[in-house]
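Visitor: no sequence on this one, just coordinates:
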């Protein structure tokens, strides 16, 4: 892959430094969160230590710290001062101050904070009930333990335990080590784990799902059909699952519950080592049974996040960073909502913790102009206003569809780039997922100067190799794209999860798929497209700085960069492939602040 230093063309310092904070219910952006922090400091009678004080705040020693810099340097120590990495590879105690904490890593592996360049964390933070991710469960027994632990911490028996997307029953093995045994837990198994609280889980956008006896009783009272075995039917565009989801949203969601859910979602992200998210929006909610797991109100769903960020800033606390894209999916050729967004919002506005981004992952409904899609005109409008665009691709060339969606998208990108020369390169336009892209498509995107966001979503969705008889690989073609990224003018490539509906957020599961090509059912579905562990970790760290336009600030452990790092529970570079899925953080640090502590290391310093 091309050198990070060679690629740098834009610095975040060129852009407006503001802050996104929450207003009241209106959701308008108010004063700088950074200023809120300074005001809080003054009220507590202290000021931040000036940068000229070179005593570090924290020093990590005796670790295997993979900096992911241009040389892939590995060091044993790193120090942090004022939220940034100070010295990398040095642990001289002579420079420590009276308040410096020295944390002994005891040989543990450390990597830069994981950057997820394409996910839906904002949807996850707006889930109804006590949303409980099951992406890390590998068996029915794991589900029972996770649900039982969740129930033990709930305030009362009325509290719902929910899991809305981000997993599949394929990876919940009933027989240990036997992928063919993957299934939902039964009603009896859920009752055994959660006898008192109602529970509901569903896969993908609209189900299928499962509930326990208490959940069955409550859902049936609302007219939701539930099987005798606890099963809740899925279907598109609406289903018994979406009926249940609508009831849960209308009954359980309020501003306070949304803020609590935000903290839960970000805590889960910190557990799996994700320190920066680029959220890709949601389909506009209709508040009907046609709303699936990927629907929310595009104009209010960020409010609970902004409120939590503001509250934490006042308390000198942190959680993982958020970058916000705005999704637009209009069939109207005039795209009036997109036009108003471009006129009245600000791209790349905010601070180091939360910042707006571009338009995506949709800029219009569809991509094929022959079917009435305004895609090309929408791309030109985004370019004319100087915004970033990100779209997704899911199709490939077939005998019946000789032109894939990524080809129509490249047509639009090229038209926009012709109208506004250099917009794709300068604003870093992106196509995501690309399971069916071919070398000619990669080359077209390389010439434009754009990027490809890759994900292991097929780990869940691509259960069997027979799903891919039209292609030699399930995709994305990791090997093909990474090879095309080499050199100073190679294509930009980065890694994402596309969680939280059809894919897990956990980056280590995606790294497992990228390096093995094996699905959740144990089938090899992406042959000859494997990349190395070093390569995929680079896609999740160093290379992803480009996608945020923040490569000077994030993605590597280097002096002067924002101090985001993850201490792992095992050695990523040494564990067997199957154990990649079991990697977790034991300590996650964002801007020098601990946002997750697994209780493994002594943090007293």
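Guide: Good, I have the coordinates. Quick caveat: nothing in here was measured; it's all calculated off a predicted structure.

Visitor: hey, let's count contacts and neighbours off CA atoms from now on
Guide: Fine.

Visitor: pull the distance from stretch 556-571 to the chain's centre.
Guide: 18 Å (Cα atoms, centre = their mean, to the nearest Å).

Visitor: next: stretch 127-142.
Guide: 17 Å.

Visitor: quick check: buried residues in that stretch?
Guide: 127-141 (16 or more other Cα atoms under 10 Å).

Visitor: from those residues, which is closest to residue 371?
Guide: Using Cα to Cα, residue 127 is the member of the buried residues of stretch 127-142 that sits closest to residue 371, with 34.1 Å.

Visitor: grab the nearest non-local neighbour of that closest one.
Guide: Excluding the flanking residues, the one nearest residue 127 by Cα to Cα, 6 or more residues apart in numbering is residue 261, at 6.8 Å.

Visitor: after whichever strand or helix holds that neighbour comes which helix or strand?
Guide: Assigned by DSSP states H and E, residue 261 belongs to helix 255-271. Stepping forward along the backbone from helix 255-271, the first helix or strand reached (DSSP H and E) is strand 274-279.

Visitor: give the partner strands of the helix or strand following that next one in its sheet and their orientations.
Guide: Following strand 274-279 in sequence order, the next helix or strand is strand 283-284 (DSSP H and E). Strand 283-284 sits in its sheet next to strand 295-296 (parallel), going by DSSP bridges.

Visitor: let me know the secondary structure of residue 482.
Guide: Secondary structure, DSSP: H, G, I helix; E, B strand; the rest coil: residue 482 is helix.

Visitor: what's the local residue count around it?
Guide: 22 (other Cα atoms under 10 Å).

Visitor: you'd agree it is up against residue 495?
Guide: No - Residue 482 is not in contact with residue 495 according to Cα atoms under 8 Å; the separation is 10.9 Å.

Visitor: show me what the helix holding residue 261 is packed up against.
Guide: Helix 255-271 sits against helix 121-124, strand 130-131, helix 303-314, strand 585-590, strand 593-597, with contacts defined as 3 or more Cα pairs under 8 Å, 6 or more residues apart in numbering; DSSP states H and E.

Visitor: the fourth one vs helix 255-271, what angle?
Guide: Same thing as strand 585-590. Between strand 585-590 and helix 255-271, the angle comes out at 110 degrees (axes from the mean of the first three to the mean of the last three Cα atoms, to 10 degrees).

Visitor: distance of the spatially closest residue to residue 543 that is not a sequence neighbour from residue 371?
Guide: In space, residue 543 comes closest to residue 494 once its chain neighbours are excluded; the distance is 5.5 Å by Cα to Cα, 6+ apart. For residue 494, the distance to residue 371 equals 31 Å [Cα to Cα, to the nearest Å].

Visitor: could you do residue 185 as well?
Guide: Taken as Cα to Cα, the span from residue 185 to residue 371 is 42 Å.

Visitor: element containing residue 386, please.
Guide: Applying DSSP H and E, one finds residue 386 in no helix or strand.

Visitor: and it, what does it touch?
Guide: 423, 427 (Cα atoms under 8 Å, 6 or more residues apart in numbering).

Visitor: so which helix or strand takes in residue 163?
Guide: In this assignment (DSSP H and E), residue 163 forms part of strand 161-164.

Visitor: neighbouring strands for that strand, and are they parallel or not?
Guide: strand 130-131 (parallel), strand 199-202 (parallel).

Visitor: which of the residues in the helix or strand that it is followed by are buried?
Guide: Later in the chain than strand 161-164, the nearest helix or strand by DSSP H and E is helix 187-193. Across helix 187-193, burial judged by 16+ other Cα under 10 Å covers 187, 189, 190, 191, 193.
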